[in-house]
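**Q** Would you be able to build a 3D model of this:
(3 chains)
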Amino acid sequence: MIKDLQYKKCPECTAEALHWNKEKGEVACKSCGLVLDDKLFDFGQEWREFDSESSENRRRTGAPLTYTQEDRGLGTTIGTKSDLHKLSKKDKDKFYRLRLWQRRVSTAIESNLRLALSEIKRIVSVLGLPNYVEEEISRIYTEAVQRGLVRGHSTEAVVAGVVYAVLRMYDIPRTLNEVSDVTGIDKKKVAKNFKYVSRNLNIRTLPIDPMNYVARFASELKLDPQTQTKALDIVQVATKEEITSGRSPKGIAAGALYIASKIHNERKTQAEIAKVADVTEVTVRNSYKELIENLNFLNDEMEKGKASA
DNA sequence: AAGACGAAAGTGGTTGA
DNA sequence: TCAACAACTTTCGTCTT
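**A** Residues are numbered from 1 along each chain as shown, chains lettered A, B, ... in the order given. Down below sits the predicted model:
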């Protein structure tokens, strides 16, 4: 399931405490938080494993289960020549017409796919995603094409939608903005196409869990693992207290990180956090104020943090 | 001077009649 | 289908460190 670790020790601080997150295929250093490798999934016969892991993880599979069935219609090639002579002139004409059509349709599909698959390769490499994600994106896109979902839509836009959908399926925290940036597709269109392909291919995704963002933002901010852990705690309690619903997960993650950084005297400015979290300072502010208001133990901890400064 | 704060007005998405 | 609504953004002036 997981490939051999390339690293035995953290190259940054040479600590041996490595910690991996199976869900995301990430390995991080426990003492400095450096993400060492995020492409650790070895896939091949792993679908079953995902399936049986736990009920809440079943969404990981989404569409693939039905994928192996041959596509409807388009996969069927139109007859051989052998019994052509039995047909009337009219039927022969029809036969040729149909075959011509099929050739047109399938070459159209093929050239579309060629274009799309190379675009997918590019996007995956820019985003630094693991191979299995590329496979999945390609597979789902192929299915979308075969079901005729791309007709009347721009290839690139549908690709962007599929990319985002797959990221969501695998709980890989990338924002709409990031997908929008690398694909050059307007953010709104990405969202629209995400919904479009999800709906038509029965891909189900749950709302994003803020926890998924915390690790990534923390690492980007080079925060101490302790601080990250604190932020995770905060998010967890907040979720339990039901003060997170309706709020953007990015904002929650950002607010929690801001508080955690204050508690652990590793002060980051709201602007810094806002930047990596892809929200505005105002949102960071509102989010962290909301958290403090509802979780009053945080106040004391922040005071303590200040005192020990 | 930089960071934090909050008010006001604008935007896009969701919801419910 | 439209209007009301909440969350988020943008912008900007003021207070705090």
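**Q** Quick one: residues contacting A:V235.
**A** With contact set as CB atoms under 8 Å, 6 or more residues apart in numbering, A:V235 has these partners: A:210-211, A:214, A:244, A:252-253, A:256. C-beta: built from backbone N, CA, C; applies to glycine.
**Q** What mean pLDDT does whatever helix or strand it lives in get?
**A** In the assignment (DSSP states H and E), A:V235 maps to helix A:225-240. Summarised as a single mean, pLDDT over helix A:225-240 is 92.
**Q** What of stretch A:298-306?
**A** 77.
**Q** Is there contact, residue-wise, from that stretch to DNA strand B?
**A** No - Stretch A:298-306 stays clear of DNA strand B (CB under 7 Å from any atom of the strand), getting no nearer than 10.3 Å.
**Q** May I have that stretch exported as CSV, CA atoms only?
**A** The C-alpha trace of stretch A:298-306 is given here as CSV (Å, rounded to 0.1, in the frame of the first residue of the first chain):
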residue,chain,number,x,y,z
LEU,A,298,-8.6,29.4,24.2
ASN,A,299,-8.4,32.8,25.9
ASP,A,300,-6.5,31.5,28.9
GLU,A,301,-4.1,29.6,26.7
MET,A,302,-3.4,32.6,24.7
GLU,A,303,-2.7,34.6,27.8
LYS,A,304,-0.3,31.9,29.0
GLY,A,305,1.4,32.0,25.6
LYS,A,306,1.9,35.8,25.9
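**Q** what's it in contact with?
**A** Contacts of stretch A:298-306 (CB under 8 Å, 6+ apart): A:234, A:259, A:262-265, A:291-292.
**Q** What residues sit buried inside the helix holding A:V235?
**A** A:225, A:227-232, A:234-235, A:237-238 (16 or more other CB atoms under 10 Å).
**Q** which residues touch A:R247?
**A** With contacts defined as CB under 8 Å, 6+ apart, the neighbours of A:R247 are A:287, A:290.
**Q** what about the longest helix in chain A?
**A** helix A:89-127 (DSSP state H).
**Q** For that one, list every residue counted as buried.
**A** Those would be A:109, A:112-113, A:116-117, A:119-120, A:123-124, A:127, for helix A:89-127 by 16+ other CB under 10 Å.
**Q** what's that helix packed up against?
**A** When contacts are defined as 3 or more CB pairs under 8 Å, 6 or more residues apart in numbering; DSSP states H and E, helix A:89-127 packs onto helix A:131-146, helix A:155-169, helix A:176-183.
**Q** Compute the mean per-residue pLDDT across that helix, please.
**A** 81.
**Q** quick check: angle from that helix to helix A:176-183?
**A** Helix A:89-127 and helix A:176-183 meet at an angle of 110 degrees, taking axes from the mean of the first three to the mean of the last three CA atoms, to 10 degrees as the criterion.
**Q** What is the burial count for the residue of the stretch 51-200 of chain A found nearest DNA strand C?
**A** In the stretch 51-200 of chain A, the residue that lies nearest DNA strand C is A:N177 (9.3 Å; CB to the nearest atom of the strand). When counting by other CB atoms under 10 Å, one arrives at 13 neighbours for A:N177.
**Q** cool, A:L129 as well?
**A** So A:L129, with other CB under 10 Å, has 21 neighbours.
**Q** May I ask you to confirm that it is in contact with A:E178?
**A** No - A:L129 lies out of contact with A:E178 (CB atoms under 8 Å); the separation is 11.1 Å.
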